[in-house]
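Novice: turn this into a structure:
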Amino acid sequence: MPFRPRTAATGAVLAAAVVLPAPAAAAAAPGWSAAPTGTARTSFYLEGPPGTALTDRLDVRNPSLRPVTVRLAGDGGDGAGAWLAFGTPEVTVPPRTRAGVPFTVAVPRTAVPGSHSGTLTVTGTGPGAPTRIPVRLRVTGPTLSALTVEQVSVTRRGSAVAIHYTLVNRGNTALRPRLAVRADGLLGALLRRPAHTLPDVLPPGARADRTETWPDPPALDAVDIRLTATAAGGAHDTATASYTAAPWGAGAAALLTLLAAGGGCWVLVRRRRRTGGAGRTDGAPGSAVPGPRQEAPMPGRRTAEPGTPESGATDPGMPDDTTTGSTAVTRTGSGVHG
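Specialist: Residues are numbered from 1 along each chain as shown. Here you go, the predicted model:
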């Protein structure tokens, strides 16, 4: 029956020693062996909150006629294997004896709730192969899944665009993030990259600098890029960045020339609408001198007396609001209609 976790014991290394029956012949005696104490256990399982010490026991059997010294070690990186502690790393078991060797799993206060694994390795000096016994630890407590997308930037790489970003695990559970990329220009959607799973698992508190490549961005546009990261447990975050694509060199010169020509046309049309589109000649060929506007009376229209303002008349010196409005809605590049 498995042992229940309890407070770490201090002091003795061997809690029990049982003399085994003498073998019929020394030559027939098998080598030493090690296994979890109890019946039909092939691994250790412990459970407790962060900051506690949990104990269990290892049985080492020596049926031979000579003492056997075994060495204990914990393996498993920064998980449960690294938290194993022994009263002494070496234990000598007398001949024909079974020894119970206690050990402790010291759970750090910063341990993340959830499952952790490790290995207890036993190596002996006598006949017998090294024994590796799994250690499964469950740290109890509330879990929090939190993920942020930070430091988003966009750079040009030849004909492609590189989107740089940093993922940060702000929770206390390991996450395997998924990322979706979206880009919108002035005229609509440019890129829709559905959520895809990233290759690495992000441990609690870890940061990962990553890059998404956009191989065919527009040559001229103002783009808003949105990155959405998700993970199990409800972790979710979104970050945006702006990117302006503009041609350089000869392309920039052509663009500036086009803008200047468009501006000149706009000024010319505006001036023509202000002056009525025609001047009065002074008799010289090809010359035109602006003169006072004279219009033929329209049927049913009252002509104002000299010096009297006419209702509905347009002052030539004031801006024409109608002209401004029609020009503002012309953005297709087909020209301004006079």
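Novice: show me the shaky parts of the stretch 151-300 of the chain.
Specialist: Along the stretch 151-300 of the chain, the parts satisfying pLDDT under 70 run over 247-300.
Novice: all helices of it, in order?
Specialist: Along the stretch 151-300 of the chain, counting by DSSP state H, counting those that start in this stretch, helices occupy 250-275.
Novice: you'd agree residue 99 is up against residue 60?
Specialist: Yes - at 5.0 Å, residue 99 counts as touching residue 60 under the criterion of CB atoms under 8 Å. In this view, the C-beta of every residue, glycine as well, is placed from N, C-alpha and C.
Novice: how much space between the spatially closest residue to residue 195 that is not a sequence neighbour and residue 97?
Specialist: Among residues not flanking residue 195 along the chain, residue 180 sits closest, at 4.1 Å (CB to CB, 6 or more residues apart in numbering). Going from residue 180 to residue 97 by CB to CB, to the nearest Å gives 63 Å.
Novice: where does residue 138 land in three-state SS?
Specialist: Classification of residue 138 using DSSP: H, G, I helix; E, B strand; the rest coil returns strand.
Novice: on that earlier part again, give me the common contacts of residue 99 and residue 60.
Specialist: 91, 93 (CB atoms under 8 Å, 6 or more residues apart in numbering).
Novice: I figured the residue nearest to residue 195 hits residue 197, correct?
Specialist: No - with contact defined as CB under 8 Å, residue 180 does not count as touching residue 197 (11.1 Å).
Novice: neighbour count: those two, which is higher?
Specialist: More neighbours surround residue 180 than the other of residue 180 and residue 197, with 15 against 11 (other CB atoms under 10 Å).
Novice: what residues are up against the more buried one?
Specialist: 193-196, 227-228, 230 are the contacts of residue 180 under CB under 8 Å, 6+ apart.
Novice: which residues in the stretch 101-250 of the chain form strands?
Specialist: 114-124, 131-139, 147-157, 160-169, 178-185, 188-197, 207-214, 221-231, 235-245 (DSSP state E, counting those that start in this stretch).
Novice: would you format those strands as JSON lines with distance to residue 103 included?
Specialist: Output for the strands of the stretch 101-250 of the chain, formatted as JSON lines (distance: least, CB to CB, whole Å):
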{"stretch": "strand 114-124", "distance to residue 103": "7"}
{"stretch": "strand 131-139", "distance to residue 103": "9"}
{"stretch": "strand 147-157", "distance to residue 103": "36"}
{"stretch": "strand 160-169", "distance to residue 103": "31"}
{"stretch": "strand 178-185", "distance to residue 103": "40"}
{"stretch": "strand 188-197", "distance to residue 103": "38"}
{"stretch": "strand 207-214", "distance to residue 103": "35"}
{"stretch": "strand 221-231", "distance to residue 103": "35"}
{"stretch": "strand 235-245", "distance to residue 103": "36"}
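Novice: what bridges to residue 155?
Specialist: residue 162 (DSSP bridges).
Novice: and for it, the neighbour number?
Specialist: Per other CB under 10 Å, the neighbour tally for residue 155 reads 11.
Novice: wait, isn't it in contact with residue 164?
Specialist: Yes - in this structure, residue 155 is within contact of residue 164 by CB under 8 Å, at 7.0 Å.
Novice: tell me what residue 137 is bridged to.
Specialist: Where residue 137 sits in a bridge, its partners, by DSSP bridges, are residue 46, residue 116.
Novice: what about it, neighbour count?
Specialist: Using other CB under 10 Å, residue 137 has 25 neighbouring residues.
Novice: now do residue 135
Specialist: The burial count for residue 135: 25, using other CB under 10 Å.
Novice: I'd say it and residue 120 touch.
Specialist: Yes - Residue 135 is in contact with residue 120 according to CB under 8 Å; the separation is 5.5 Å.
Novice: shared neighbours, these two?
Specialist: Contact criterion CB under 8 Å, 6+ apart; residues shared by residue 135 and residue 120: 44, 74, 81, 84.
Novice: in contact with the second one, which residues?
Specialist: Right, the one you point to is residue 74. Neighbour list for residue 74: 80-85, 118-121, 135 [criterion: CB under 8 Å, 6+ apart].
Novice: part of a strand, is it?
Specialist: Yes - Residue 74 sits within a strand when classified using three-state DSSP.
Novice: now it, which residues is it bridged with?
Specialist: Here residue 74 sits in beta bridges with residue 120, going by DSSP bridges.
Novice: now do the last one
Specialist: With DSSP bridges applied, residue 84 shows beta-bridge pairing to residue 105.
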